[in-house]
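Q: kindly generate the corresponding structure for this input.
(one chain, ligands or ions: 1)
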Amino acid sequence: MPFDSDSSKDKDPEQRIFYLNEKINRANRLYYIDNAPDSSDAEWDGWMQELIALEAEHPDLKTPDSPTRRVGAPPSGAFEEVVHPVPMLSLGNVFDEDGFRAWYQRTLDYLEIEGAQMVCELKIDGLAIAVTYRDGVLERAATRGDGERGEDVTANVRTIRSVPLALDGEAPPVIELRGEIFFPISKFAALNAEREEAGLPAYVNPRNSASGSLRQLDSSETAKRPLDMFFYSRGYVEGGDEPESHWDLLQVVKGWGGRVNSWTRRADTVEQVMAAVADAGEIRESLDYGIDGVVVKIDSLALQRRLGYVGRDPRWAVAYKFPAEQIETTLLHIHVNVGRTGALTPWAELEPVVVGGVTVGRATLHNKDEIARKDFREGDRVVIQRAGDVIPQVVEIAAGNERSADSVPYVFPDSCPSCGTTTVQAEDEVVTRCVDATCPVQFERLLEHFASRGAMDIEGLGARVAQDLPRLGFVSNIAGIYRLHERRDDLLELDKMGETRVDNLLAAIEASRSQPLPRLLFALGIPEIGSESAEWLSRRFRGLTGLKEATEDELLAIDGIGPVIASTVVDYFGVEQNQNLVDELIALGINPIDDTPEPSADHPANGLTFVVTGRLESMSRSEAQSRIKTLGGKATGSVTKKTHYLVAGADAGSKLEKANRLSIHVIDEEEFIAFMEQGLVPAAPETGPPGE
Ligand code: IVH
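A: Numbers count the residues shown, from 1 in each chain. Sure, this is the predicted structure:
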């Protein structure tokens, strides 16, 4: 065995490099993944030094999976953008047994089955990462970003010891493995101590330090951080054998040398999942990484494919979140914020406390009624809670709270703290609003939202600049920022701005002109329109011009848009100022067109109406209906003269009779599948001889 002896020492450099590669990679794996080292640190250092020297002498012999690549590449300017070949999605949440039961039942109903095996995994509180291996060698690593596009952090991920630089054994020609990078809790305090010594700001929690460490421009900095990783799924794959289940996939990944969390277990019933969640809650404190719940996944990959996605969440997995951590503190003052839609939101200034690993000094008080109902007063001891990334909230008055003689109930302001206009609370709303559309603070918030990362992503236009620009008369509506370049000299006078920052800001504003339509629609701050509904509007109306004329009926016809959104959008464009704003944006050339091709436009099912009845063999009725919809067809519940096809499975009853009566074209499952998948239009039924 060549690896057991040092005999290659005298041989040619190529063999020696090969030998050292294997030796170090094997030691790394034993140390970092299997937790069973069989060599000393000194030996390891010796091999590494020798390899570095040899590679320096023979750079052409340095292999793509050389362990020296973990040491860190020269600093890069910034991270390149990576478009994820398969989007990186998020997970829906449940918080208790009822919620979980409901999720499981929905899943079974969708599939029309009685039960399904599941896999429970710890939900690691870190950063999602996608690592692509080509011919078994690490080629690229990317952050999740917004799910569609992330950042190329390959050089940095290479420095993480538990990420294999090359997969062991047979791997598909291309495979993207996904997982979570985290910063060990035990090393967190030491890192912050070091940073403070160096005059750098401390990280608020291990998760932030993982993200900070991974996004170092100089990967030799990342190499110094003890980052670690668990793999839990895969993304894009080319070739290779398809495992049957998620569980099998995890075993395969383990075999390739990827680190998979050993707590992972299978469950067949809700009770077993509940037991797993309870167990995870118990061991939580003893782990060296943060977890915020358990991820439950349907095990069969075939079922996963059938289940597919709703919006950004897979139907085949759910996050069972631990209850939020609660802690007591003193409510010092109650303040009221004005949001971009004029909503007045009360918030509490608190005596700072650490909850869920983060120091909290502010928490939301929700709304006026909540304060009155719970009688929160300044000076009270209160219970606050924080769950994951959720904004901390004041839950209740702490047991044993004592009030001083001068404690008085809180009086909610009846005028806008920004512009003084009398506020209103609609009868059916919990929100108190400032209804003055020209209220300056509303506009500042809108501007900040417009420029934010998920919206137009204008770096340099944060809260402070969003406040200064209107206050100093630079802009009076959103469109105004696209004229700011005419006033570069005046901007230079702004406090703390300076030439570089002004030029960077102007450049970022210019760059935002090419943001796609969904972002612009989201950025406008139309009430009720989030980034997802902005996408639906974009696909349907294709540009600002179409959207601003949209009718309620047209909006309601969009899948996912209900009466509330529809009427809000119509109301928004009914306001003259908003119409003017849109016209002004168009005049300034901010008029992106969504030319995403309609996936189903040329599918023959597009525009046709289907009814699905009876029991299908290969899919459930819900699945059949969602297939019809994705191809642009309509799936309705009852057979009428307008029905084009009745898809009849086994034991079809009254719908089949009615279809026959109305001479509706009836097709079976096989014809239906050929129609959907290959676009084969079913042959017209033979009509009987006249008179029959
Ligand atoms: S599966 C399509 N498994 O949780 C679903 N995610 O809330 C893909 N996470 O972005 C995710 N541990 O960063 C999965 N065992 C686990 C996880 C996990 C942590 C994170 C992941 C994801 C987020 C969703």
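Q: can you show me the helices along the stretch 351-500 of the chain?
A: Per DSSP state H, counting those that start in this stretch, the stretch 351-500 of the chain carries helices over the ranges 368-374, 440-451, 463-471, 488-492, 498-512.
Q: next, count neighbours for L556.
A: 13 (other CB atoms under 10 Å). All C-beta spots, glycine's among them, are computed from the backbone N, C-alpha and C.
Q: any idea how far the residue in the stretch 301-450 of the chain that the ligand sits nearest to lies from G480?
A: The ligand sits closest to P314 of the stretch 301-450 of the chain, with a gap of 4.5 Å, by CB to the nearest ligand atom. For P314, the distance to G480 (CB to CB, to the nearest Å) stands at 42 Å.
Q: re earlier: isn't the residue of the stretch 301-450 of the chain closest to the ligand up against R305?
A: No: P314 lies out of contact with R305 (CB atoms under 8 Å); the separation is 10.5 Å.
Q: neighbour count winner among those two?
A: Per other CB under 10 Å, whichever of P314 and R305 has more neighbours is P314, with 18 against 9.
Q: the closest residue to A116 other than its chain neighbours and S533: what is the separation?
A: The shortest distance from A116 to any non-neighbouring residue, by CB to CB, 6 or more residues apart in numbering, is to I298 (5.4 Å). For I298, the distance to S533 equals 28 Å [CB to CB].
Q: counting neighbours, go ahead and name the busier of these two.
A: The residue with more neighbours, out of I298 and S533, is I298; 25 against 22, by other CB under 10 Å.
Q: residue contacts, the more buried one?
A: Residues in contact with I298 (CB atoms under 8 Å, 6 or more residues apart in numbering) are 107, 116-118, 246, 304, 307, 316-317.
Q: how close does the closest residue to the ligand within the stretch 251-400 of the chain get to N93?
A: The minimum distance from the stretch 251-400 of the chain to the ligand, using CB to the nearest ligand atom, falls at V295 (4.0 Å). Distance, V295 to N93, using CB to CB: 10 Å.
Q: shared neighbours of these two, which are they?
A: 318-320.
Q: show me which of those neighbour the ligand.
A: When contact is defined as CB under 6 Å from any ligand atom, the shared contacts of V295 and N93 meet the ligand at A319.
Q: hang on, R386 packs against E325?
A: Yes: if you go by CB under 8 Å, R386 and E325 touch, sitting 6.3 Å apart.
Q: of those two, who's got more company?
A: Neighbour tally, R386 and E325, criterion other CB under 10 Å: the higher count belongs to R386, 21 against 15.
Q: in contact with the residue nearest the centre of the chain, which residues?
A: By CA atoms, centre = their mean, the chain has its centre lying nearest to S90, at 4.4 Å. Counting by CB under 8 Å, 6+ apart, S90 touches 147, 312-313.
Q: then L177?
A: Per CB under 8 Å, 6+ apart, neighbours of L177: 130-133, 231, 233-235, 253, 258.
Q: that's a strand at it, yeah?
A: Yes: per DSSP: H, G, I helix; E, B strand; the rest coil, L177 lies within a strand segment.
Q: for it, list each beta-bridge partner.
A: Beta-bridge partners for L177, by DSSP bridges, are V131, R234.
Q: isn't L484 right up against I509?
A: Yes: contact status for L484 versus I509: in contact at 6.3 Å, counting by CB under 8 Å.
Q: of all the helices of the stretch 351-500 of the chain, which lies closest to V411?
A: helix 368-374 (9.6 Å; CB to CB).
Q: counting by contacts, list what that closest one packs against.
A: strand 343-355 (3 or more CB pairs under 8 Å, 6 or more residues apart in numbering; DSSP states H and E).
Q: what lines up beside the strand it packs on in the sheet?
A: Applying DSSP bridges, one finds strand 343-355 paired with strand 325-338 (antiparallel), strand 358-364 (antiparallel), strand 432-434 (antiparallel).
Q: quickly compare those and say which is most buried.
A: strand 432-434 (a mean of 22; mean count of other CB atoms under 10 Å).
Q: ok, back up a step: so what pairs up with the residue of the stretch 251-400 of the chain closest to the ligand in the strands?
A: Bridge pairing for V295 - DSSP bridges - gives E121, A319.
Q: near the ligand, which residues of the stretch 251-400 of the chain show up?
A: Residues of the stretch 251-400 of the chain lying near the ligand (CB under 6 Å from any ligand atom): 295, 314, 317, 319.
Q: by neighbours, which of these wins?
A: A317 (22 neighbours).
Q: rewinding a little: any chance of the strands paired with strand 343-355 in a markdown table with distance to D594 and mean pLDDT as columns?
A: Below are those laid out as a markdown table (distance: least, CB to CB, whole Å; pLDDT from 0 to 100):
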| stretch | distance to D594 | mean pLDDT |
| --- | --- | --- |
| strand 325-338 | 32 | 92 |
| strand 358-364 | 35 | 86 |
| strand 432-434 | 32 | 86 |
